[in-house]
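A.B. asks: predicted model follows, preceded by the sequence.
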Amino acid sequence: MFNRPDVEVKRPYNAHSRSNIVKLGGLEAFLKTIRRDCEPDAGILVLLDAERENVHNPHALVTDLNRRAQQVGLPFPVEVTCAVCEYESWFLASLESIRSKFKELDPTITFDGDPEQECNAKEWITEHMPHGRAYKETTDQARLTTWLDLRLAHIRSDSFSMFVSAVERLIA
């Protein structure tokens with residue numbers, strides 16, 4: 001799926017809030033800031049959480065943001081995509097691959113719902129951790145991402161499939 005040794009992924013940039021991207025002029029300013037660090041053959045992938053506001057129509061959000069990104073006129077491609085409801089929902093879509101490695105979770109725990117309807121994935125993960133231990137995005141997200149089964153997430157999450165398509169368009 002993403003086996004491209006010729007593609008170099010640079011460090012991510014943090015917009016410090018979804019609202020900094022979706023507000024009028026926010027995405028545009030963010031892209032102009034990132035542009036300074038980009039090589040001529042670069043591509044930019046913007047990933048944000050759809051959150052509750054856009055859970056029923058993430059395509060409208062992505063379409064609008066991609067239109068705005070194109071209007072910036074960068075000399076390289078930009079793809080905007082989103083996780084529905086939140087990035088951590090993808091962990092629920094691939095729980096089997098994560099639970100055995102993330103020792104804070106019961107290795108037999110299952111998630112039977114639709115990960116894209118669980119708009120409290122962070123809280124769901126916290127509720128299934130030992131008492132007194134909470135999921136922390138800053139310390140847990142990168143580790144859980146390394147254990148994400150891309151195939152499972154692709155099958156179980158439409159927004160992860162949108163993410164895959166965005167990445168494929170960038171590297172094509």
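C.D. replies: Perfect, I can see it now.

A.B. asks: so which bits of stretch 23-34 are buried?
C.D. replies: Using 16 or more other C-beta atoms under 10 Å as the test for burial, stretch 23-34 gives 26-27, 30-31, 34. (C-beta placed from N, C-alpha, C; glycine too.)

A.B. asks: closest to Pro12 among those residues?
C.D. replies: Ile34 (10.1 Å; C-beta to C-beta).

A.B. asks: what sits against Tyr87?
C.D. replies: Neighbouring residues of Tyr87 by C-beta atoms under 8 Å, 6 or more residues apart in numbering: 47, 49, 141.

A.B. asks: could you redo the last one with a cut-off of 7 Å?
C.D. replies: Asp49 (C-beta atoms under 7 Å, 6 or more residues apart in numbering).

A.B. asks: ok so, going back, quick one: which of the buried residues of stretch 23-34 sit in helices?
C.D. replies: 26-27, 30-31, 34 (DSSP state H).

A.B. asks: take the residues you listed and lay them out in TSV including pLDDT and distance to Thr146.
C.D. replies: Formatted as TSV, the entries for those read as follows, by pLDDT from 0 to 100; distance: C-beta to C-beta, whole Å:
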residue	pLDDT	distance to Thr146
Gly26	97	30
Leu27	98	28
Phe30	97	26
Leu31	97	28
Ile34	93	24
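
A.B. asks: please spell out which residues along stretch 40-51 are buried.
C.D. replies: 42-51.

A.B. asks: show me the shaky parts of the chain.
C.D. replies: Across the chain, the ranges flagged by pLDDT under 70 are 1-3.

A.B. asks: switch the cut-off to 50
C.D. replies: Along the chain, no part satisfies pLDDT under 50.

A.B. asks: which residues of it fall in helices?
C.D. replies: For the chain, the helices defined by DSSP H cover 19-22, 26-35, 58-72, 89-93, 95-99, 121-127, 137-146, 150-156, 158-171.

A.B. asks: just give me the closest of the buried residues of stretch 23-34 to Tyr13.
C.D. replies: Closest to Tyr13, out of all of the buried residues of stretch 23-34 and judged by C-beta to C-beta, is Ile34, at 5.5 Å.
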